[in-house]
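Peer 1: Sharing a model prediction with you, sequence too.
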Amino acid sequence: MSDSILPGRRTFLKSVGVSSLAVAAAPAWVQAAQAVRVDDSEQPLKPGEQRINLKVNGQTHTVNVPANAVLLDVLRDRLQLTGTKKGCDHGQCGACTLHVNGVAVNSCLSLAVSHDGDEITTIEGLEKDGTLHPVQEAFWEHDAYQCGYCTSGQIMSAVAIINDPAIGTDDASVREAMSGNICRCGAYKNILSAVQSAREKMKGAS
Amino acid sequence: MRTFQFDKATDTEQALKAAGAEQAMFLAGGTTLLDLVKLDVMQPERLVDVNRLPLNKIETLSDGRVRIGALVTNTTLARDEHIVEHYPVLSQALLSGATTQLRNKATTAGNVMQRVRCHYFRDNVSPCNKREPGSGCSAIEGDNRSVHAVLGTSEHCIATHPSDMCVAMAAIGATVQVQGPKGEREIDFLDYHLLPGDTPEREHALQPGELITHIVLAAPLADSRSAYLKLRDRASYQFALASSAIIVRLQGDRIAEARIALGGVGTKPWRATEAEQALRGQPATEDSFRRAADVAMQGAKPYRQNAYKIPLAKQAIVRNLQTLTGAVA
């Protein structure tokens, strides 16, 4: 294999838009997260497949999927949106958390076919015009991760929680509301500081 | 994950028709079903997605009862103003279960249909009478510390029903409204979940092809207060080791009426009617509460690792009553 076809680390990161850390918080890589629009409408449906529209981060994709395709896998494998992570794959760890019609859910326990027409926001959809979301900034500033694998899910939960007036703003309420996002590195202390500091900034901005 | 036929229904008739086929299962929030299909513990030939059915309202009926649509999410139900005001025990039970994300997905009917958390049931390898009738129960002589019962067990299955919501509903009193090929019918909530007995694979009173459309809560007990107390291995996101849902009406310093249901210790949401009777007319004191708790756990049968659940459940009753009546020692 010649060197010319070996991708450099940075090129690789750009081409697939990976690393939750990159997508979640690093300003230099924000631009890498543009999804390529998928349009399967000209592709004939294979037996057992259904054609669905997924509006992901404002962009509509038309995808032919088998009935048992999981939303998480379709986002990662078909739409190349790999910021959303697969941890336990059973709704226990929260790494796959994203927003469906504004509500935080586990995408590993969601069939893609059930979400035809739904509006989905992933970690890649939080930044606006190259500017990180305040929660992403706060995770960066507070060093709210170690390995970074759970970070996308943590941030998606945090955004939903801060925007939800029914969830208390004290530390205990935030811990309870975030208990569906496991961090095996144990960065909880910094995650909590990041969430609370982002809340203050978002209050100031609105 | 195995593959299956998939239909999406937009009304109840369509859903029932699509489910007419053998081995069809209804898919709502999917938090139990898809988990267990991935483990191959549940093996549906066909899924009928009912998420778009118009069953997502909470209505107060003229007689004071509350009708909850099958698809109302656990989050929505827990936060509903009427529920929070008149059925605090239900709101608290819901919020004590699972996680924010799971509650956002999980539905009322789906919560009622939850499967057990016994690891021998979930591992898809060990003998398990629920999964494979006649194969034996691995839990009776095995690891049975946390999600195994001391009430309502049989020699064929000792798994607890995992729901918190159902424990609150058992205390409140409710009716399960179902619609099926033979029309509509109502099942008393306490008759809905079945004891394992000789047929642990039969967990509920639904007939093939029937769909839960609503849960109707009994009218709130006048002048009552209620609360859910859940004891578990960690403070959040964990199934109950023992829990109590209690509704109580005081008359002076005596208990006029009490409703008690237990979680984490029974093979179904456990209504403790004898304990309720033992409390009636008694002074609201720790002594009365302890006597009632003893009555509640009278028939309890401990297994190798879960004998601690008997005193724990008693304490869940006593402490909840103490807090509710202000009789904290």
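Peer 2: Arrived safely, thanks for sending.
Peer 1: Buried residues, stretch B:226-234. List them.
Peer 2: When neighbours are counted by 16 or more other C-beta atoms under 10 Å in any protein chain shown, the buried residues of stretch B:226-234 are found to be B:226-232. The C-beta positions use only the backbone N, C-alpha and C, and glycine is treated the same way.
Peer 1: what about stretch B:129-142, how long is it end to end?
Peer 2: The distance separating the two terminal residues of stretch B:129-142, taken as C-alpha to C-alpha, to the nearest Å, comes to 14 Å.
Peer 1: ok, of the buried residues of stretch B:226-234, which one's closest to chain A?
Peer 2: Within the buried residues of stretch B:226-234, proximity to chain A (C-beta to the nearest C-beta) peaks at residue B:232, which comes in at 11.8 Å.
Peer 1: Could you save the buried residues of stretch B:226-234 as TSV and add columns showing pLDDT?
Peer 2: What follows is the buried residues of stretch B:226-234, written out as TSV (pLDDT from 0 to 100):
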residue	pLDDT
B:226	98
B:227	98
B:228	98
B:229	98
B:230	98
B:231	98
B:232	97
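Peer 1: From the residues you listed, which land in strands?
Peer 2: B:226-231 (DSSP state E).
Peer 1: what about residue A:135, helix or strand, and which?
Peer 2: Under the criterion DSSP states H and E, the helix or strand holding residue A:135 is helix A:134-141.
Peer 1: And that helix, what does it pack against?
Peer 2: Secondary structure elements in contact with helix A:134-141, counted by 3 or more C-beta pairs under 8 Å, 6 or more residues apart in numbering or on different chains; DSSP states H and E, are helix A:151-162, helix A:188-205.
Peer 1: buried residues in stretch B:203-217?
Peer 2: Buried residues in stretch B:203-217, counted by 16+ other C-beta under 10 Å: B:203-204, B:206, B:209-217.
Peer 1: Counting neighbours, what do you get for residue B:36?
Peer 2: Under the neighbour criterion other C-beta atoms under 10 Å in any protein chain shown, residue B:36 is assigned a count of 19.
Peer 1: And for residue B:282?
Peer 2: Here the number of neighbours of residue B:282 (other C-beta under 10 Å) works out to 15.
Peer 1: next one: residue B:198
Peer 2: By the measure other C-beta under 10 Å, the count of residues near residue B:198 is 12.
Peer 1: Tell me who's in contact with it.
Peer 2: Applying C-beta atoms under 8 Å, 6 or more residues apart in numbering or on different chains, we find residue B:198 in contact with B:154, B:156.
Peer 1: out of the buried residues of stretch B:203-217, who's nearest chain A?
Peer 2: Checking the buried residues of stretch B:203-217 against chain A with C-beta to the nearest C-beta, the nearest one is residue B:211 at 16.7 Å.
Peer 1: For the closest one, list the residues it contacts.
Peer 2: With contacts taken as C-beta under 8 Å, 6+ apart, residue B:211 has the following neighbours: B:12, B:15-16, B:19, B:26, B:50, B:70, B:178-180.
Peer 1: try residue A:192
Peer 2: Per C-beta under 8 Å, 6+ apart, neighbours of residue A:192: A:171, A:174-175, A:178.
Peer 1: I'd like to know which of those are buried.
Peer 2: Looking at the contacts of residue A:192 with 16+ other C-beta under 10 Å, the buried ones turn out to be A:174, A:178.
Peer 1: Can you narrow the contacts of residue A:192 down to the ones near chain B?
Peer 2: Filtering these for neighbours of chain B using C-beta under 8 Å from any C-beta of the partner chain leaves A:175, A:178.
Peer 1: Output the contacts of residue A:192 as CSV; include the columns secondary structure and distance to residue B:285.
Peer 2: Conversion of these to CSV gives the following (DSSP: H, G, I helix; E, B strand; the rest coil; distance: C-beta to C-beta, whole Å):
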residue, secondary structure, distance to residue B:285
A:171, helix, 37
A:174, helix, 39
A:175, helix, 36
A:178, coil, 40
